[in-house]
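Student: I would like the atomic coordinates for the input below:
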Amino acid sequence: MNSKSSLFASHELAFPLVLGGVIWLAIILYWQHVGFSIFDRGDVYTYMDWSYHLNRHADACHMPGYPALLLVGRLVTLHLMPDTFVAQCLGLLTWVCGLFLARAVLARIASDTIRVGLMVFGLFPLLGVWSAADPVADLLAYAVALAALLFALENRFGAFACATGAGLMVHQAFYSFNAFLGAACVAKGMRWRYLLLCGVPFTAYYLFIAAQRGDINWIMSYHLDVILLPRDVGQFPVFDGLVGTVLQGGARYAVKAALVDLSFAVAIVLSIDCIRRRNWVLLSCCVPVVLAGILAPRSQAWVIFRLSKLLVFPACWWLNGHARLLRTLDRTPVYLTVALVLAISQFAWAHYDVIYTRPEIISLVR
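Tutor: Okay, here's the model as predicted:
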């Protein structure tokens with residue numbers, strides 16, 4: 001077996017793994033110093049509380065896969081560790097799993113870009129390792145999505161169905177990725193029974209909650225009522241997350257608008273490239289960002305940037321065909337500079353997390 005196709009024999013993983021681990025620990029120590037707890041953020045507390053009551057559905061926009069993982073982590077540690085520390089350790093573990101899977105995917109699609117691609121994916125601007133220190137379902141969703149993507153690339157359709165079935169139980173924002181990747185696999189020759197197998201866990205859980213709530217439309221009604229239908233004066237029926245964020249004004253929203261609009265623009269460019277070159281599997285990585293850019297209201301616009309981490313893979317596939325640019329990015333001074341900038345962005349976002357969530361302790365961090 002070629003060393004570049006091996007999941008574990010990879011020196012390219014060493015640097016981002018070590019750097020990411022150091023950043024994760026430093027962020028946790030910084031938060032402890034200023035008295036910030038990840039439970040100050042509603043989503044983390046919701047997931048952890050849900051892990052104590054898995055038989056009830058906590059929120060129609062969330063799924064039980066991540067709370068189930070938190071429950072397993074608590075059982076493995078024999079309830080001896082604080083819930084926050086269990087969540088953060090699981091966040092780091094899923095981040096590491098995602099990095100190994102990203103390496104395997106890049107080895108299949110663009111082996112020359114592995115070193116650069118792993119750094120950008122693992123230390124994705126703002127959210128890369130920060131998401132392991134302040135963990136919600138995103139990192140688990142990415143790990144499962146990358147497993148499905150890898151199995152699709154390898155035509156291992158039984159394993160793909162299992163990974164996709166698990167993914168449907170983790171994060172609804174990835175459903176467009178799951179659906180389009182499933183369609184791409186059918187186009188590659190996957191039999192329909194595997195596609196049906198993907199939906200078995202979700203269907204069983206959906207019917208269970210529908211019976212429990214007495215509402216057969218419990219997911220869609222939530223999204224229609226909370227995300228799509230309510231529109232304040234000045235909001236747009238489509239592209240509100242892109243345009244509306246720009247119009248909100250202020251430095252904070254200007255930065256946010258730049259990030260989400262750039263993510264959308266890159267997704268469009270990479271989508272066109274994938275369509276032109278008929279790579280439907282990698283197109284599935286672009287679809288969630290494009291759809292989020294069209295449908296997300298300004299209150300949910302950040303999901304566009306959160307999903308743009310998937311764009312690393314079609315971007316690396318494109319970069320693999322541009323040898324001169326790749327050689328420039330792969331030079332050690334450039335590579336280390338990018339790593340430094342990405343590392344700083346994690347700390348900047350951790351600092352912003354404190355100020356935004358706990359404004360009463362701003363004086364401690366100035």
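
Student: Restrict whichever strand or helix holds Arg324 to CA atoms and write it as CSV.
Tutor: Element membership of Arg324 [criterion: DSSP states H and E] is helix 323-330. What follows is helix 323-330, C-alpha atoms only, in CSV (Å, rounded to 0.1, in the frame of the first residue of the first chain):
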residue,chain,number,x,y,z
ALA,A,323,1.3,23.1,-9.1
ARG,A,324,3.0,26.5,-8.9
LEU,A,325,0.5,27.8,-6.3
LEU,A,326,0.7,24.6,-4.4
ARG,A,327,4.5,24.7,-4.2
THR,A,328,4.3,28.2,-2.8
LEU,A,329,1.8,27.3,-0.1
ASP,A,330,3.8,24.2,0.7
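
Student: now the next helix or strand along the chain from that helix and helix 323-330, what's the angle there?
Tutor: Downstream of helix 323-330, the first helix or strand assigned by DSSP H and E is helix 332-357. Here helix 332-357 runs at an angle of 60 degrees relative to helix 323-330 (axes from the mean of the first three to the mean of the last three Cα atoms, to 10 degrees).

Student: What segments of the chain are strands?
Tutor: For the chain, no strands are identified by DSSP state E.

Student: how about low-confidence regions in it?
Tutor: 1-10, 41-42, 224-234, 357-366 (pLDDT under 70).

Student: Please repeat the previous calculation with a cut-off of 90.
Tutor: For the chain, applying pLDDT under 90 flags the ranges 1-12, 35-46, 54-62, 79, 136, 212-238, 244-253, 297-300, 352-366.

Student: quick one, phi/psi of Leu126?
Tutor: phi 70, psi -50 (degrees, to the nearest 10).

Student: Report the contact partners of Leu127.
Tutor: Asp138, Phe305, Arg306, Lys309, Trp349 (Cβ atoms under 8 Å, 6 or more residues apart in numbering). All C-beta spots, glycine's among them, are computed from the backbone N, C-alpha and C.

Student: Can I get those residues in JSON lines including neighbour count and distance to Ala267?
Tutor: Formatted as JSON lines, the contacts of Leu127 follow (neighbours: other Cβ atoms under 10 Å; distance: Cβ to Cβ, whole Å):
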{"residue": "Asp138", "neighbour count": "25", "distance to Ala267": "17"}
{"residue": "Phe305", "neighbour count": "23", "distance to Ala267": "11"}
{"residue": "Arg306", "neighbour count": "23", "distance to Ala267": "13"}
{"residue": "Lys309", "neighbour count": "24", "distance to Ala267": "11"}
{"residue": "Trp349", "neighbour count": "20", "distance to Ala267": "21"}
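
Student: tell me which of those is nearest to Gln32?
Tutor: Using Cβ to Cβ, Trp349 is the member of the contacts of Leu127 that lies nearest Gln32, at 17.1 Å.

Student: ok, the closest one - contacts?
Tutor: Taking Cβ under 8 Å, 6+ apart, we find Trp349 in contact with Leu126, Leu127, Trp130.

Student: And the second one, how far from Ile268?
Tutor: Same thing as Leu127. Separation of Leu127 from Ile268 (Cβ to Cβ, to the nearest Å) stands at 21 Å.

Student: Give me the spatial nearest neighbour of Ser52, chain neighbours excluded.
Tutor: Quick fix: residue 52 is Tyr, not Ser. Leu71 (7.7 Å; Cβ to Cβ, 6 or more residues apart in numbering).

Student: Oops, could you answer that again for Val144 instead?
Tutor: Nearest non-adjacent residue to Val144 (Cβ to Cβ, 6+ apart): Gly167, at 4.3 Å.
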